[in-house]
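K.L.:
would you be able to build a 3D model of this:
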Amino acid sequence: MSSIGTYFLRLAFCLVVYGANSLKPTLAHSPYFTETVQAISQEFGPVSYKVLNGDGVLFADPKRLVAVTEGGNLLAASPLSSLLLLHCTTEPPRSCAGYDALSGQVFEPDEGRWLLGPEIEEDGKPLVYPELLPPASGFVSRYPSLSELLYFEGFLAAQMPKTAAVLVSSWTVIWLLATRLFTRARRSQWRFSPVSFRGIAGTLASILAMTGILTFTIYAWLFFPTSPLFAATSCALGLALALMVRKLVKRLSFSHRAVGQEG
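P.N.:
Modelled structure (predicted):
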């Protein structure tokens, strides 16, 4: 690979390393709430929809969408998920729904099945991990329409810019290395031929680097999961960027050679 191609490869690799540092796991923690929305229930009065997060230790924190009373009593809980988004309408009467990006299901409240349960929060802080809540109840699940799917996926991408950048950068490096190996193999007509020690070392280094970054990408996905559509889009964008970089490198290298010959 030319010096220009090496520059682009190092730049993409630095983006991956930066992302790995910014996404590094934190220490063990207590349960916590994210995304809290106030609403009114006809039977229970003021209620809150919240996403209750646990501690996934080495992997993504488990989550459940819950509905609680002003006093902190549980009314409803969705199934356990690793990637859960809460979306609520802004106009009264407010209605809320959860989106499990991994299973692709939408959870809508079914107030007819709400029951006054145990107290799960005090002064706005959760008292229990999501895994220890009673079985899922008070929500009905369904698959989203196409417009809903596109909306939720767009909302997910906007909420996870660092994860998106790291995944796209990782796949760009992986595809750059893979296409480099593919090009070398095609030039040799898919046959082994005597090569220099430097060529063997370069090939092994590319394979090891590609394997290492692929392993990191899988772990990053396990710790910061995305939907299958989000992951596939990141992979496709990485391939597109890798092909663009290779094409640009070819043009710049050709121009550099032309200038050298003229000189």
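K.L.:
what bits of the chain have low per-residue confidence?
P.N.:
1-28, 187-199, 253-263 (pLDDT under 70).
K.L.:
who are the packing partners of the helix or strand encompassing Phe230?
P.N.:
Assigned by DSSP states H and E, Phe230 falls within helix 228-262. With contacts taken as 3 or more C-beta pairs under 8 Å, 6 or more residues apart in numbering; DSSP states H and E, helix 228-262 sits against helix 3-22, helix 146-159, helix 161-187. Heads up, the C-betas are built off the backbone N, CA and C, glycines and all.
K.L.:
helices or strands next to the next helix or strand after the last one in the packing?
P.N.:
By that I understand helix 161-187. Going down the chain from helix 161-187, the next helix or strand is helix 197-223, by DSSP H and E. The contact analysis (3+ C-beta pairs under 8 Å, 6+ apart) places helix 197-223 against helix 3-22, helix 161-187.
K.L.:
can you list contacts of stretch 137-147?
P.N.:
Taking contacts as C-beta atoms under 8 Å, 6 or more residues apart in numbering, the residues outside stretch 137-147 that touch it are 65, 67, 75-79, 98-99, 104-111, 113-115, 152.
K.L.:
are any of these buried, and which?
P.N.:
In those, burial by neighbour count holds for 65, 67, 75-79, 98-99, 105-107, 109, 114, 152, counting by 16 or more other C-beta atoms under 10 Å.
K.L.:
so which of these are in helices?
P.N.:
Phe152 (DSSP state H).
K.L.:
on that earlier part again, next one: the helix holding Phe230 to chain centre, how far?
P.N.:
25 Å (C-alpha atoms, centre = their mean, to the nearest Å).
K.L.:
repeat for stretch 30-43
P.N.:
Centre-to-centre, stretch 30-43 and its host chain are 24 Å apart (C-alpha atoms, centre = their mean).
K.L.:
again, but for stretch 151-163
P.N.:
Its chain's C-alpha centre and that of stretch 151-163 lie 8 Å apart, by C-alpha atoms, centre = their mean.
K.L.:
equivalent analysis for stretch 175-186, please.
P.N.:
In terms of C-alpha atoms, centre = their mean, the gap separating the centre of stretch 175-186 from the centre of its chain is 27 Å.
K.L.:
can you give me the buried ones in it?
P.N.:
Buried residues in stretch 175-186, counting neighbours by 16+ other C-beta under 10 Å, are found at 175-178, 180.
K.L.:
cool, stretch 55-71 as well?
P.N.:
Neighbour counts using 16+ other C-beta under 10 Å place 55-56, 60-69 of stretch 55-71 among the buried residues.
K.L.:
stretch 211-228 too?
P.N.:
The neighbour-count check on stretch 211-228 (16+ other C-beta under 10 Å) flags 213-214, 216-217, 220-221, 223-227 as buried.
K.L.:
hey, what's the residue lying closest to Ser103 once chain neighbours are set aside bridged with?
P.N.:
Once flanking residues are discounted, Ser103 sits nearest to Ser81: 7.2 Å by C-beta to C-beta, 6 or more residues apart in numbering. Following DSSP bridges, Ser81 is listed with bridge partners Lys63.
K.L.:
so what's Ser81 up against?
P.N.:
By C-beta under 8 Å, 6+ apart, the contact list for Ser81 reads 62-64, 100, 102-103.
K.L.:
give me phi/psi at the residue nearest to the spatial centre of the chain?
P.N.:
Closest to where the C-alpha atoms of the chain average out (C-alpha atoms, centre = their mean) is Thr226, at 3.2 Å. Dihedral pair for Thr226: phi -130, psi 170, per degrees, to the nearest 10.
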